[in-house]
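Asker: Would you be able to build a 3D model of this:
(2 chains)
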Amino acid sequence: MKQDIQAIIEDVLAAAPELKGKEATVRRVVEKLLAARPGAEIGAAFMAQLRDRLTAEIAASAKARSPHASGQLFSLSRLGLAGGAFLGLAVVMTLAVTSRRPAAPAADTQTPQVAVGQVRKVEAEAFGSLAAASADGTLALARDASATKGEAAGNSAAAPAPAGLGGGGYAQGSTPTVIGMPAPPDYQQTRHEYRYDGELPIPLDSVEVLMAERDTAAAASLGRLASVNLGLIDLGRFSSPQMQAFTVAEERDYGYAVSVSPSEGTAYISKNWQRWPQTDGSPTVAEMPDDNEIIAVAQVFFQDYGLDLSGYGNPQVDRAWKIDALRARAAGGEYWTPSYVTVRYPLLVRGLAVYNESGQAQGISVTVDVRLKKVTDAGPISLHNYLASAYAAADDMTAVRAAIAAGGLNRWQPEGARVLTHELAAPARAYLAVWKYRDGIGEQILVPALAFENKDYESQAAAGEWTQERVVVPLAKDLYTAQGQPVPMPYLLKGDPANTATSSADAPAVDLPLPATPPAR
Amino acid sequence: MDPLREQALLARCRQNDPDALGELYDAYAARIYAFIYYKVHHRETAQDLLADTWLKVIQKIGSFDAGKGTFSGWLHVIARRTVIDHYRRLRPTDSLEDSWGLSGGPDPARDAEFAMKVADVREHLAALSPAEREVVIMRVWQEMSYAEIADALGRSEDACKVSFSRSVKRLRETMPLAALLAFLLQLN
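Answerer: Predicted structure coming up:
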């Protein structure tokens, strides 16, 4: 309850002094009766529909903007480049041409700014079927590769990616096969059941599905640079060259290297390992900086390099190592404090969070060296320009609720296993990031979705359970009408000491106290 | 909402950025809806007026001056004017600012649940001036602090406190103690 009860009571006593001395009684009455207030809760469905209407309205009212948007992907000029004219020119050209605007005045090429976070509407269902299998026989929808991490405990199923795309060599069009894997003798499968009986704010007609807009113009423009004869090889002999990626490194101590993909509109920054000292061993618990200090290191890095974080939410420090340490301590085992800690900046698209199918927030991951207190890696840093296409909204409430109950669409839950029930909170609008493969090329699409926080997540994590922090279900009808068969994860055969595969990257972000036991060395 | 983030979102809104508008909407729409609903007592009407309010926000966002007040206060001002315009359209000869000024008889444009819940205090609240009533409702039902109320109404915090105290005393004079308590404790 937000209401400051004490303040209200004081107001009451001021108006009715005869009640003084009976504050405790008044307080009990207050607490008992608060729920009877006239309800003024706005319907979630109406909220969602009005939001869509308003954002469409403001988008439609957008007038001719300046040739360059105010945002910028990043300013490579902050890097102390020593790569010569070729790389310098590449940097300037990359940042100039990725704006996808008509030819800019010459002076603009001196301003390395690009458009970010823009959404361009295209015709309805422009991305083809969102469903599991496309007509051309390729697997059209596959899970985000990261979604399968740490899920070998049987709480999830993954649609396989095409051969050569991380799917482990699955033959396209083949029937998925359940594969037996060794499990520890005491392993017991868990069936996760997620409960939510409240209102589902699903749009009435359509949802706008987003797909990252590839920037072929940038790659082609940069490709002209390839006419240079470097002596090593005459790039001019290659026809229709495109610059798919390049890397620029700072030649200084503690310098960085940035790898840019103009066509993808993404960049990764990592330490130039040749100019960084080696650090050995793990820090002690006492040496571990607190979360604020780690975030401050990341923030300073972004400021130093002019990285625009306006499309991201508040940073969060990954506390997976603390969970691991607590579990290890409970089991009487050893644990390690990490040399590197990750800070995540959650991506916001149209103000909404983006999750993968495991409910993990998408965005920039920043790795901080704990002892050096320096950022070692950051990425992916993206332009986040999207194409938006209307698709029919999900209208089969039974199917949507079934997906919620299973922890997501296409989730497989083992039969006959022990059941772990999770209560879900009221949903928030979000995007679900899924991968769509066509002709062997993966495209990430963002499908409007509902995200339900798992109310039992913290308590279950503290009890040693591996579970989802949230459940995310898509709102596009296409994904329900032609969803693929759930593919079970490899089941575990008892009798082998192989451990259940758990990933620290998927450890629940629960703020738990550090173990008092010093780390083993 | 973090003030710096709000400023950044407003700047983007002025450039017609739908994402920025969406985030501001998420932060404020429910509160503005409640503000309107407690004035009109009718769900569908409140939804229509909420939409009108936000459409005006889109049209006028360029005129918002952070130096003259907060975005929240500016939003409440627009919502308040939207409600007043609504009643002016309905009853051009009356000077109604909200549904409390209407007669207490059956009104199809008033939610039955709302009418039932406030039946005991309706008459007394209606006797307050619109400005007094506004402060009381924002304080008690919308759980707004005096600072927030002052911001929304463009008045000083002290003036709002005085208004609330005066209103409660007036209600105490006319209402049975139980009814006053029930109202202040949101029993109605």
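Asker: Using the three-state scheme, assign residue A:282.
Answerer: Secondary structure for residue A:282, judged by DSSP: H, G, I helix; E, B strand; the rest coil, is coil.
Asker: residues near it, how many?
Answerer: A count of neighbours around residue A:282, defined by other C-beta atoms under 10 Å in any protein chain shown, yields 19. The C-beta positions use only the backbone N, C-alpha and C, and glycine is treated the same way.
Asker: do residue A:273 as well
Answerer: With other C-beta under 10 Å as criterion, residue A:273 counts 11.
Asker: And it, what's its pLDDT?
Answerer: The model reports residue A:273 with a pLDDT of 82.
Asker: could you measure it against chain B, distance?
Answerer: 35 Å (C-beta to the nearest C-beta, to the nearest Å).
Asker: Just the buried residues of the host helix or strand of residue A:53, please?
Answerer: Here residue A:53 sits within helix A:44-60, counting by DSSP states H and E. Across helix A:44-60, burial judged by 16 or more other C-beta atoms under 10 Å in any protein chain shown covers A:44, A:46-52, A:54-55, A:57-59.
Asker: Ok, stretch A:264-281 next?
Answerer: Neighbour counts over stretch A:264-281 (16+ other C-beta under 10 Å) mark A:264, A:265, A:266, A:267, A:268, A:269, A:270, A:271, A:272, A:276 as buried.
Asker: do the same with stretch B:47-63
Answerer: B:47, B:49, B:50, B:51, B:52, B:53, B:54, B:55, B:56, B:57, B:58, B:61.
Asker: residues in contact with that stretch?
Answerer: Applying C-beta atoms under 8 Å, 6 or more residues apart in numbering or on different chains, the external contacts of stretch B:47-63 come out as A:42-43, A:46, A:50, A:53-54, A:57-58, A:61, B:10, B:13-14, B:21, B:25, B:29, B:32-33, B:36, B:40, B:75, B:78-79, B:82-83, B:86.
Asker: what about that stretch, average pLDDT?
Answerer: So the average pLDDT for stretch B:47-63 ends up being 91.
Asker: ditto for stretch A:252-266
Answerer: Stretch A:252-266 carries an average pLDDT of 83.
Asker: mind checking the end-to-end distance for it?
Answerer: End-to-end distance of stretch A:252-266: 24 Å, with C-alpha to C-alpha, to the nearest Å as the criterion.
Asker: Same question for stretch A:244-252.
Answerer: In terms of C-alpha to C-alpha, the two terminal residues of stretch A:244-252 are separated by 26 Å.
Asker: and the residue of chain B nearest chain A?
Answerer: Residue nearest to chain A within chain B: residue B:23 (3.2 Å; C-beta to the nearest C-beta).
Asker: which residues sit in contact with the residue nearest to that residue when sequence neighbours are not counted?
Answerer: Leaving out its chain neighbours, the residue that sits closest to residue B:23 by C-beta to C-beta, 6 or more residues apart in numbering or on different chains is residue A:351, at 3.2 Å. Listed by C-beta under 8 Å, 6+ apart, the contact partners of residue A:351 are B:19, B:20, B:21, B:22, B:23, B:24, B:25, B:26.
Asker: where exactly do the helices run in chain B?
Answerer: B:3-14, B:18-40, B:43-60, B:71-90, B:112-117, B:119-127, B:130-140, B:146-153, B:157-174, B:177-184 (DSSP state H).
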